[in-house]
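Trainee: this one's structure only:
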Ligand SMILES: Nc1ncnc2c1ncn2[C@@H]1O[C@H](COP(=O)(O)OP(=O)(O)OP(=O)(O)O)[C@@H](O)[C@H]1O
C-alpha cells in the first residue's frame, strides 16, 4: 500500500530573506547551507496497518509525512503508494483564513478530488462531526486552533481514503473530540485503511498504532512493534532529560552531551550477567539476577553506574543506579570501577528479558556511556501466571 525507500530531505537554509532572494535571482550567489531533516528512511506498510511516528521536536516527523503526502518533494529516495490519500498535515493549513468554514469545505473538496455536488451532499455529515455550530459561516481566521482542527479532521475523513495521514491533529482537541477521532480512525483501520499517525502523545500512539518508527535527527532510531519502539524512545527521553552540560575542563567538546557521547576516557568497559546458560537468549540458571558493570573514568572522578531491566518487548521493569542507592562503585587495582547489583529471588514471570547499562557522572546527571540491550536472558518461573512482575501479596 505504501513503500518508502531511502527517503531523504535537505532544506536550504538562507541567512536572511534577502539572501534567499539573491540566490533565486542569481544562482551564482552564495549557496545556502543545507539542513538534512530526513536521512535515508525506508519502510513499507500493508493495508490496515497503522504506523505511529514518534520523536523529539525537529526530528523530521512532519517532513516525513509531508513527503509521503506529496506536499514537498524529496532530495533523494522515493515514495510508492496506491489509492486515495488524504492528510491533515498542519493544523488548519490548507484553509483560506478569509473564507468561511463552509466555503473552505467546498474548496477542499475540489482539492481532494471530490466534485462540488458530492461535497454538498457530504456537508451535513462534516458539520455534524466538526460540531462547530454557527462558526461554520464565519471566516476561518476567527477560529480557535481546536475549531480549525475539528473542521480539518471532519473534512479529511469525510471520504474514506486508502491512506490517511494525521500529523498531531489530536493534540488540540478536547477529550470528547479526541474520542470521536479515535473511533473514526479505528473504524477506518478495521476496514483496511493504512494510517500514518504522528503524535507526541505516547498514549495515543500505543492506542492506535500497531507499528511505530522513532525518528532521531532525521534518522530511524528504531522501528517495529509499537510497544517496543515507544518504550525504547521513552527510556531514551528519561535518560536524555537527566543530561547536563559536561564541565569545561573535561575532554568533552562542550555543549549538551547525549547518550551517544563518545567520551573516550569515560566509558563502560564490561557488563556481565551471572549464570546465563547457552542459547539465544540463554536461560538464567539462578533465581537471583546479578549484573556486574565495569567502567573507566579519568583520575580524580568517580562514576555512577546504572542498569535498566526490560522485558524483551521493551516493557520496562526497573531502573536502578548506584547514585540513587548511595552506593559508591569500587575502584579495582587495574584502575577500573566496578559495581554489582543483585536482585535476590527475582520476582519475574517466565519470559525473555534484556539489560541495558549506563555510565553517569557521580551525581547521576551527565550520561557518559550507554550499552543498550547488552545482555539478554530467558527466565523460567514454574507457574502459569502472567504479568510484568510478581508483586509480594497476601490473601485474606
Ligand atoms: N521549510 C523548512 N526550511 C528549513 N528547515 C526546515 C523546514 N521545515 C522543517 N525544517 C527543519 O527540519 C527539521 C525537521 O523538521 P520537522 O518539522 O520535520 O520536525 P518534527 O519532527 O515534525 O518536529 P515537531 O515535533 O516539532 O513538529 C527541523 O530542524 C526543522 O527546523
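Mentor: Happy to help now that I have it. Computed from a predicted structure; not experimentally measured.

Trainee: Residue 233 in helix, strand or coil?
Mentor: helix (DSSP: H, G, I helix; E, B strand; the rest coil).

Trainee: Near it, how many other residues are there?
Mentor: For residue 233, the number of neighbouring residues by other CB atoms under 10 Å comes to 24. (Glycine included, C-beta is placed from N, CA and C.)

Trainee: Check residue 298 too.
Mentor: Other residues close to residue 298 by other CB under 10 Å number 11.

Trainee: Over to it. Which of the three states is it?
Mentor: coil.

Trainee: Any idea how many residues pack against the closest residue to it other than its chain neighbours?
Mentor: The shortest distance from residue 298 to any residue that is not its chain neighbour, by CB to CB, 6 or more residues apart in numbering, is 4.6 Å, and that residue is residue 265. Number of residues near residue 265 (other CB under 10 Å) recorded here: 13.

Trainee: pretty sure residue 265 contacts residue 297?
Mentor: Yes - checked against CB atoms under 8 Å, the pair residue 265 and residue 297 is within contact range at 7.0 Å.

Trainee: So residue 129, which state does it fall into?
Mentor: Going by three-state DSSP, the secondary structure assigned to residue 129 is helix.

Trainee: show me the residues around it that make contact.
Mentor: 150, 153, 154, 157, 158, 180, 184 (CB atoms under 8 Å, 6 or more residues apart in numbering).

Trainee: Tell me if the last one really is in a helix.
Mentor: Yes - counting by three-state DSSP, residue 184 is part of a helix.

Trainee: about what we covered before: nearest to the ligand among the contacts of residue 129?
Mentor: Within the set of those, residue 153 lies nearest the ligand; the separation is 17.5 Å, counting by CB to the nearest ligand atom.

Trainee: Just confirm yes or no for the helix-or-strand element of the chain with minimal mean pLDDT near the ligand.
Mentor: When each helix and strand of the chain is scored by mean pLDDT, DSSP states H and E, helix 17-25 comes last, with a mean of 77. No - Helix 17-25 does not reach the ligand (CB under 6 Å from any ligand atom); its nearest approach is 10.4 Å.

Trainee: Now residue 347. Nearest residue, chain neighbours left out?
Mentor: For residue 347, the closest residue by CB to CB, 6+ apart turns out to be residue 390, at 4.1 Å.

Trainee: Need the pLDDT of that neighbour.
Mentor: According to the model's per-residue confidence, residue 390 sits at a pLDDT of 89.

Trainee: And for residue 352?
Mentor: Each residue has a pLDDT score; the one for residue 352 is 92.

Trainee: what's across from it in the sheet?
Mentor: With beta bridges defined as DSSP bridges, residue 352 has these partners: residue 378.

Trainee: and it, how many neighbours does it have?
Mentor: Under the neighbour criterion other CB under 10 Å, residue 352 is assigned a count of 13.

Trainee: ok, the most centrally placed residue in the chain to residue 362 distance?
Mentor: Ranked by distance to the mean C-alpha position of the chain (CA atoms, centre = their mean), the top residue is residue 54 at 2.4 Å. Using CB to CB, to the nearest Å, one obtains 32 Å as the distance from residue 54 to residue 362.

Trainee: Just give the nearest non-adjacent residue to residue 335, would you?
Mentor: Nearest-residue entry for residue 335: residue 296, 7.0 Å, with adjacent residues in sequence omitted and distances by CB to CB, 6+ apart.

Trainee: any idea how the chain splits into domains?
Mentor: As assigned by automatic domain parsing, the chain contains the domains 2-233, 249-379.

Trainee: How far does the longest one stretch from one end to the other?
Mentor: For domain 2-233, the first-to-last residue distance is 24 Å (CA to CA, to the nearest Å).

Trainee: Can you name the residues of the stretch 51-200 of the chain that neighbour the ligand?
Mentor: Taking CB under 6 Å from any ligand atom as the criterion, the stretch 51-200 of the chain approaches the ligand at residues 55, 57, 58, 59, 60, 61, 62, 63.

Trainee: would the second one count as being in a strand?
Mentor: Yep, that's residue 57 we're talking about. No - Residue 57 sits outside any strand when classified using three-state DSSP, being coil.

Trainee: Give me the number of neighbouring residues for it.
Mentor: Counted with other CB under 10 Å, residue 57 comes out at 6.

Trainee: show me what contacts residue 8?
Mentor: Listed by CB under 8 Å, 6+ apart, the contact partners of residue 8 are 36, 38, 39, 40, 41, 74, 75, 76, 77.

Trainee: And the residues you listed, which of them are buried?
Mentor: Applying a neighbour-count criterion of 16 or more other CB atoms under 10 Å, the buried members of these are 38, 39, 41, 74, 75, 77.

Trainee: Go through these and say which is closest to residue 314.
Mentor: Using CB to CB, the shortest approach to residue 314 within the buried ones among the contacts of residue 8 belongs to residue 41, at 20.8 Å.

Trainee: ok so, going back, state the distance from the residue nearest to residue 335 to the ligand.
Mentor: The spacing between residue 296 and the ligand, counted by CB to the nearest ligand atom, to the nearest Å, is 35 Å.

Trainee: Repeat that for residue 343.
Mentor: For residue 343 relative to the ligand (CB to the nearest ligand atom), the value is 37 Å.

Trainee: And for the residue found closest to that residue once you drop the neighbours it is linked to in the chain, the neighbour number?
Mentor: Nearest in space to residue 343, with sequence neighbours left out and distances taken as CB to CB, 6+ apart, is residue 289 at 4.4 Å. Here the count is done by other CB under 10 Å, and residue 289 has 23 residues near it.
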